[in-house]
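# Next come a sequence and a model predicted from it.
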Amino acid sequence: MSNPAVEVEKRRHRDPHFDERRAPTARLADLSLRRFEEEYLPSAVDAETLASNDRSIEERLAAAKMIVSVDDPVPTVGGVLVLGKRPQDFLPGAYAQFLRASFTSPVRFRVTSPTSLACPRR
């Protein structure tokens, strides 16, 4: 006799993580491609790799899991949170919360939307 919890775990093994799921009403135009090229990629990939990379923008977005795939360029939840121009339109009621643990330094940025936390402006 098998354990029901193990069976559920086996079925859900291949389910995508929440941030990898499609944001069904979002479109590629809802993402800031400028932010992706100018802020996200230089932070995530070293300059030498970026210089030698000849992938299209869709291929880069798919590799970073910001869209589902090149053939299905629907933004993922993670893509909307990191690159969304208005993430609150696609994740209503969502908010970012953080706690500053060290009280010796001033707060350098304020969270006004999920994107502020992902790519703080200094």
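Perfect, I can see it now.

# which residues does Asp72 contact?
Arg22 (CB atoms under 8 Å, 6 or more residues apart in numbering). (C-beta placed from N, C-alpha, C; glycine too.)

# Next, give phi and psi for Ser32.
phi -90, psi 100 (degrees, to the nearest 10).

# Could you do Asp30 as well?
Residue torsions, per degrees, to the nearest 10, at Asp30 are phi -80, psi -10.

# The one 3 residues further on now?
Dihedral angles of Leu33 (phi, psi; degrees, to the nearest 10) stand at phi -70, psi -30.

# That one and Ile57 touch, don't they?
Yes - between Leu33 and Ile57 there is a contact at 6.2 Å, judged by CB atoms under 8 Å.

# Could you find the closest non-adjacent residue to the residue sitting nearest the centre point of the chain?
Most central in the chain under CA atoms, centre = their mean is Gly78, positioned 2.7 Å from the mean C-alpha point. Using CB to CB, 6 or more residues apart in numbering and skipping residues adjacent in sequence, the residue nearest Gly78 is Asp19, 3.4 Å away.

# Next, the buried residues of the top helix by length along the chain.
Determined from DSSP state H, the single longest helix within the chain is helix 4-12. Neighbour counts over helix 4-12 (16 or more other CB atoms under 10 Å) mark no residue as buried.

# about what we covered before: enumerate every residue touching the residue nearest to the centre of the chain.
Neighbours of Gly78 in contact, by CB under 8 Å, 6+ apart: Asp19, Glu20, Lys65, Met66.
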